[in-house]
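>>> here is my input, please return the structure:
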Amino acid sequence: MVDHPLCRELRGYGKGSIPLEKAGALMVLIGEVLRKAILDAGGLVLVDHEATSAHRDADGLWHTKTCSRTMGTTFEVVSDTLLLATGGAQDPARLLEEPVAGRPLLPAFAGKILQSDDVLRQGGTERLARFLLGRAEPRIAIVGGSTSAVATAVLLLRTLPEETKRPGSIQILHRRPLRIFYPSSEAALADGYTEFEPRDICPVSGFVFRFAGFRTESRDLIMNVRRIGGRPGDPRVVPMLIDGADPAPAHRLLEEADVIVAALGYRPRLLPLFDSSGAPIRLTGNTSPRPAVDGACRVLDAKGRPVAGVFGIGLAAGFRPAGALGGEPSFVGQANGLWLWQTAVGSMLLDNLLTAAREDVAPPSPFALDLHVLEQAAGIGAAPDLRPAAAAR
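Down below sits the predicted model:
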């Protein structure tokens, strides 16, 4: 793939972010290469099939039922292990359940809500623009403090310049401080950024807010809005921290907004699992907002116990790096990103999948890999080489 035209094009973006459609094209290319490799090795690839459920037999093997979307035929795959890479979704039920400044967004603001996933998809900004037709001074409220929330603001500023040109056109309501990524504490202090403590620094890489901090265009926007490092500011975007003390300002802002973009995060799409008796296995990811996987990417049941032979990866899995994988000790969210999945976490999962026994035995711990070495290779940042001599892998 190194000399493929798409890969050469992507290298031209350097350290910047790439359009989502380009990322999708890259994933298609990777899929084509992997599919050929698997077929050449005698493996099986079920394209355009849907996995509907899996049950574990008395011997500990998993039987996964699949159905062809085009032919309607069914097929059963028997395996020692399962890896659920089923992605995530923004569950509409959260709009009815999760309070924002003391009350859910629905039904109070029905008729003017979009989810950030809808806006970030192709055609999403056109759908949002229809809410603003005929408005002399349109107002957009984005609820959330995650990457998807700020990325939505970046996208709207770029694609709807007329609708977002006035001061306060975009209001971002967030429940946690908006953190900024820095490659080192020295770089942060040189910018006058002091909103961090030792627990906010990754012990492996030395990065400040390695996982909690914004990067690329989202980072640039928040730094500009907050005038960090002498930046000029951007009055078009106004952040509002919802601290729970007085919900009235947030309620008023939501009432006055012409459209509300809900960026409350994603929940995993998990495959229905059944035990050897045919009883459903209740999973944490389906029953609570807690992570769906543990530190070894093992899928957890409703009691927080690993389900033997079942692993999970990807958006909304809830994986939290620790130990040799790095990350700031203060981090409480979930780490996502193609780069992360395809390097250290992917390698850890491969080790666990290859060594997991048919019995309910815990897989090995994440191997001793200093992630900053990979980040240096990817051009993400630099840090002192802290690896033990035997840790390189």
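>>> how about residue 170, what does it touch?
The contact partners of residue 170, taken as Cβ atoms under 8 Å, 6 or more residues apart in numbering, are 140, 141, 142, 153, 156, 157, 164, 236, 237, 238. (Each C-beta comes from the backbone N, C-alpha and C, glycine too.)
>>> again, only using 6 Å
For residue 170, the contact set (Cβ atoms under 6 Å, 6 or more residues apart in numbering) comprises 140, 153, 164, 237.
>>> which of those lies closest to residue 250?
Of all these, residue 250 sits closest to residue 140, with 14.7 Å by Cβ to Cβ.
>>> take the contacts of residue 170 and lay them out in JSON lines including distance to residue 10, pLDDT and secondary structure.
JSON lines is the format used below for these (distance: Cβ to Cβ, whole Å; pLDDT from 0 to 100; DSSP: H, G, I helix; E, B strand; the rest coil):
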{"residue": "140", "distance to residue 10": "31", "pLDDT": "98", "secondary structure": "strand"}
{"residue": "153", "distance to residue 10": "24", "pLDDT": "97", "secondary structure": "helix"}
{"residue": "164", "distance to residue 10": "28", "pLDDT": "97", "secondary structure": "coil"}
{"residue": "237", "distance to residue 10": "29", "pLDDT": "98", "secondary structure": "strand"}
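>>> need the pLDDT of residue 374.
According to the predicted model, the pLDDT of residue 374 comes to 37.
>>> from residue 65, how far out is the residue nearest to residue 227 when sequence neighbours are not counted?
Leaving aside its sequence neighbours, residue 227 sits nearest to residue 233 (Cβ to Cβ, 6 or more residues apart in numbering; 4.8 Å). For residue 233, the distance to residue 65 equals 56 Å [Cβ to Cβ, to the nearest Å].
>>> what's next to the top helix by length along the chain, contact-wise?
As assigned by DSSP state H, the longest helix anywhere in the chain is helix 20-40. With contact meaning Cβ under 6 Å, 6+ apart, helix 20-40 is reached by 6, 45.
>>> quick check, distance from whichever helix or strand comes after that helix to the centre of its chain.
Next in sequence after helix 20-40, counting helices and strands by DSSP states H and E, comes strand 49-56. Distance, stretch centre to chain centre, for strand 49-56: 24 Å (Cα atoms, centre = their mean, to the nearest Å).
>>> and if you look at stretch 127-134?
Relative to the chain's own centre, stretch 127-134 is displaced by 28 Å; criterion: Cα atoms, centre = their mean.
>>> ok, residues contacting it?
Residues outside stretch 127-134 that contact it (Cβ under 6 Å, 6+ apart) are 114, 119, 138, 160, 163, 258, 259.
>>> pLDDT on that stretch, on average?
Model confidence over stretch 127-134, given as mean pLDDT, is 94.
>>> list the contacts of the residue nearest to the spatial centre of the chain.
Residue closest to the average C-alpha location in the chain (Cα atoms, centre = their mean): residue 336, at 3.8 Å. Contact analysis of residue 336 by Cβ under 6 Å, 6+ apart lists residue 315.
>>> so it belongs to a strand, correct?
No. Under DSSP: H, G, I helix; E, B strand; the rest coil, residue 336 falls outside any strand and is assigned coil.
>>> so how far is residue 319 from it?
Remark: distance between residue 336 and residue 319 (Cβ to Cβ) = 8 Å.
>>> what does residue 202 give?
On the measure of Cβ to Cβ, residue 202 and residue 319 end up 16 Å apart.
>>> more crowded one of the two?
The neighbour comparison of residue 202 against residue 319 (other Cβ atoms under 10 Å) goes to residue 319, with 25 against 21.
>>> secondary structure element holding that one?
Residue 319 belongs to no helix or strand when assigned by DSSP H and E.
>>> which residues touch it?
When contacts are counted by Cβ under 6 Å, 6+ apart, residue 319 touches 293, 297, 335.
>>> which residues in the protein form strands?
For the chain, the strands defined by DSSP state E occupy 49-56, 62-68, 74-79, 82-84, 88-89, 113-115, 140-143, 170-174, 237-241, 259-262, 267-268, 273-274, 298-300, 306-312.
>>> save these as TSV, and put in distance to residue 126 too.
Shown next, in TSV, are these (distance: least, Cβ to Cβ, whole Å):
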stretch	distance to residue 126
strand 49-56	30
strand 62-68	34
strand 74-79	39
strand 82-84	33
strand 88-89	22
strand 113-115	11
strand 140-143	14
strand 170-174	17
strand 237-241	21
strand 259-262	13
strand 267-268	26
strand 273-274	39
strand 298-300	38
strand 306-312	34
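>>> quick one: which of those is nearest residue 331?
Using Cβ to Cβ, these put strand 170-174 closest to residue 331, at 16.6 Å.
>>> please compute how far that closest one lies from its chain's middle.
On Cα atoms, centre = their mean, the centre of strand 170-174 falls 20 Å from the chain's centre.
>>> quick one on the thing from earlier: filter the contacts of stretch 127-134 down to the buried ones, ChimeraX style.
The ChimeraX command for the buried members of the contacts of stretch 127-134 (criterion: 16 or more other Cβ atoms under 10 Å) is given here:
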select :114,119,138,160,163,258,259
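>>> out of the contacts of stretch 127-134, which one sits closest to residue 183?
Residue 183 lies nearest to residue 119 out of the contacts of stretch 127-134, by Cβ to Cβ, at 30.3 Å.
>>> isn't that closest one up against residue 152?
Yes. Under the criterion of Cβ atoms under 6 Å, residue 119 makes contact with residue 152 at 5.3 Å.
>>> ok, so what distance separates residue 84 from residue 15?
Going from residue 84 to residue 15 by Cβ to Cβ gives 31 Å.
>>> in terms of neighbours, single out the busier of the two.
residue 84 (24 against 10).
>>> what's the pLDDT at the closest residue to residue 203 other than its chain neighbours?
Among residues not flanking residue 203 along the chain, residue 326 sits closest, at 7.1 Å (Cβ to Cβ, 6+ apart). With respect to pLDDT, residue 326 scores 83.
>>> what of residue 248?
pLDDT, residue 248: 89.
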